[in-house]
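Asks: Okay, predicted coordinates and the sequence, questions at the end:
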Amino acid sequence: MKMNRLIPLLLAAALGAGCAEGPDSSAALTASRTSEELTVFAYGELVASESLPIALPPSVRMGFNISWMAPEFSDIRAGDVIARFDDVQVRLDQESTALNVAKSEFKLANVERSGELEKTRIGHETIRVEGERDISEAFATVDERLFSRNEIIDALSDLDFLDVEASYLSWQAMTFDQRTQAEENLIKAERQGELTKLEKQETALGMMELRSPADGTFVYARTPWGEKLGKGKRVFPGMPIGLLPVRGKVKARLYVPENDAVGLAEEQRVKIRLDAAADRLFDARVVSISPVASPRNRKDPQKFFSVEAVLDQVDPDLMKVGSRLRAHIITGEVNEGILVPAQSVFSDADSAYVFLLDGATPVRHAVVVGQRSPDLVEITEGLDEGDRVSLIAPGEGAG
């Protein structure tokens, strides 16, 4: 397979042309027909195509901070501890919840004591009102010759007031149990909520170690933004912490810089070399391309397209999840066509052009472009073999 063997020849031609023409001559190349594969370089790693996820059980709805994880790509057996969580915050929350439960118990006891006192007060007030009413009624029925009219009017007014007060005390007595029960129910509901939290926290303390459900190679899971989980990261029930890949079930995940992602498409062929076996070449096929480019981590603004490729053959002994690799994605093929470096082709609006050299003078010349790669452009119309093409725009310097 040709892998951009044209580029060194083009550079050599440019340097030669520059030296031949003297200090005022632009760097140039002589157009000729050639056959070449157009490729896009990518790097990446092998990832699991089938795996068993390891996650916190969904029974406890709270987050945990990872304090330790087994080394990535380590071989583990079923029952081995693969992660431990920080229990400091859980224990602090448990103490706070237990205190709230104790407060609820105190409030219930206080409501009961207050209720007994209130019931006693209502009884005493009722006796007092009944006594005062008897006295007021006695004044209301006496001979008017024995008491002044004002005294009798006051006694009648007191009797009306005492009737109202007696009715209010009667209402308090009848609704006492209902009001007290409502207050107790509210406190009991609050206490039950705290008891439920306490039960969850006690269950969580029993989950501070996560064990592997099966034998395998432990691989760290990633956050939604692509970062690997590790010490200090926060995880939640149902969220995968790691994976146990199925042996031999791997695929290539490739990362192509946004500026180099020219002509990528599904079903394109890929040539892959593993860093651990650089002397071997493996064939693969593109199966998916991310719709947009995004940074690989939040600290580096450079964006990449994520490309996944399926390998034609898998060597289970060599191809391990996490193995680093380099790849060339074959985006096109030119047969006996004219190729020029991408830096020598310019455009405005919908037209493309190059600068041909007539002696040492660059002349703008329209061309029609075909296939592209990050480094090369196919010229389908506008150039003939033997044409000398400037590698730089006029005024940018000489070779």
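Replies: Now that the structure is in, tell me what you want to look at. All values reported here derive from a predicted model rather than from experimental measurement.
Asks: Validate this expectation: Ala166 resides in a strand.
Replies: No. Under DSSP: H, G, I helix; E, B strand; the rest coil, Ala166 falls outside any strand and is assigned helix.
Asks: Tell me how many other residues surround it.
Replies: For Ala166, the neighbour count with other C-beta atoms under 10 Å is 16. C-beta coordinates here come from the backbone N, C-alpha and C atoms, glycine included.
Asks: what's the helix or strand for the residue lying closest to it once chain neighbours are set aside?
Replies: Closest residue to Ala166 apart from its sequence neighbours, by C-beta to C-beta, 6 or more residues apart in numbering: Val129 at 4.9 Å. Using DSSP states H and E, Val129 maps to helix 88-140.
Asks: returning to what we had before: distance check, the residue nearest to Ala166 against Asp177.
Replies: As judged by C-beta to C-beta, to the nearest Å, Val129 and Asp177 stand 21 Å apart.
Asks: before we move on, what about Lys303?
Replies: According to C-beta to C-beta, Lys303 stands 70 Å off from Asp177.
Asks: any low-confidence regions in the chain?
Replies: Within the chain, the set of residues satisfying pLDDT under 70 comprises 1-26, 135-159, 226, 396-399.
Asks: which residues in it form helices?
Replies: 6-21, 88-140, 149-205 (DSSP state H).
Asks: Which among those is found nearest to Asp315?
Replies: Taking C-beta to C-beta, helix 6-21 is the member of these nearest to Asp315, at 31.6 Å.
Asks: Could you tell me the angle between the helix holding Val129 and helix 149-205?
Replies: Per axes from the mean of the first three to the mean of the last three C-alpha atoms, to 10 degrees, the angle that helix 88-140 makes with helix 149-205 is 160 degrees.
Asks: Show me what helix 88-140 packs onto, helices and strands only.
Replies: helix 149-205 (3 or more C-beta pairs under 8 Å, 6 or more residues apart in numbering; DSSP states H and E).
Asks: now the helix it packs on, how far from the chain's geometric center?
Replies: 52 Å (C-alpha atoms, centre = their mean, to the nearest Å).
Asks: Likewise for stretch 51-58?
Replies: On the basis of C-alpha atoms, centre = their mean, stretch 51-58 sits 17 Å off its chain's mean C-alpha point.
Asks: hmm, back to that, what about the helix holding Val129, distance to the chain center?
Replies: That offset, for helix 88-140, works out to 52 Å (C-alpha atoms, centre = their mean).
Asks: Between Lys303 and Asp177, which is the more surrounded one?
Replies: Remark: of Lys303 and Asp177, Lys303 carries more neighbours, 16 against 11, as counted by other C-beta under 10 Å.
Asks: Could you pull up phi and psi at the nearest residue to that one once chain neighbours are set aside?
Replies: Closest residue to Lys303 apart from its sequence neighbours, by C-beta to C-beta, 6+ apart: Ala293 at 3.8 Å. Main-chain dihedrals, Ala293, degrees, to the nearest 10: phi -80, psi 150.
Asks: How about the contacts made by Ala293?
Replies: By C-beta atoms under 8 Å, 6 or more residues apart in numbering, the contact set of Ala293 is Glu258, Ala261, Lys303, Phe304, Phe305.
Asks: Going by distance to Phe106, which of the residues you listed wins?
Replies: Lys303 (59.1 Å).
Asks: From what I see, the closest one and Asn297 are in contact.
Replies: No. At 11.3 Å, Lys303 does not count as touching Asn297 under the criterion of C-beta atoms under 8 Å.
Asks: any idea how far the residue nearest to Ala166 is from Gly115?
Replies: Val129 sits 21 Å away from Gly115, taking C-beta to C-beta as the criterion.
Asks: Show me which of those two is the more surrounded one.
Replies: Under the neighbour definition other C-beta under 10 Å, Val129 and Gly115 were set side by side, and Val129 has more, 20 against 17.
Asks: Spatially central residue for the protein, please.
Replies: For the chain, the residue nearest the mean C-alpha position is Pro224 (2.8 Å; C-alpha atoms, centre = their mean).
Asks: Please consider this matter closed, and thank you.
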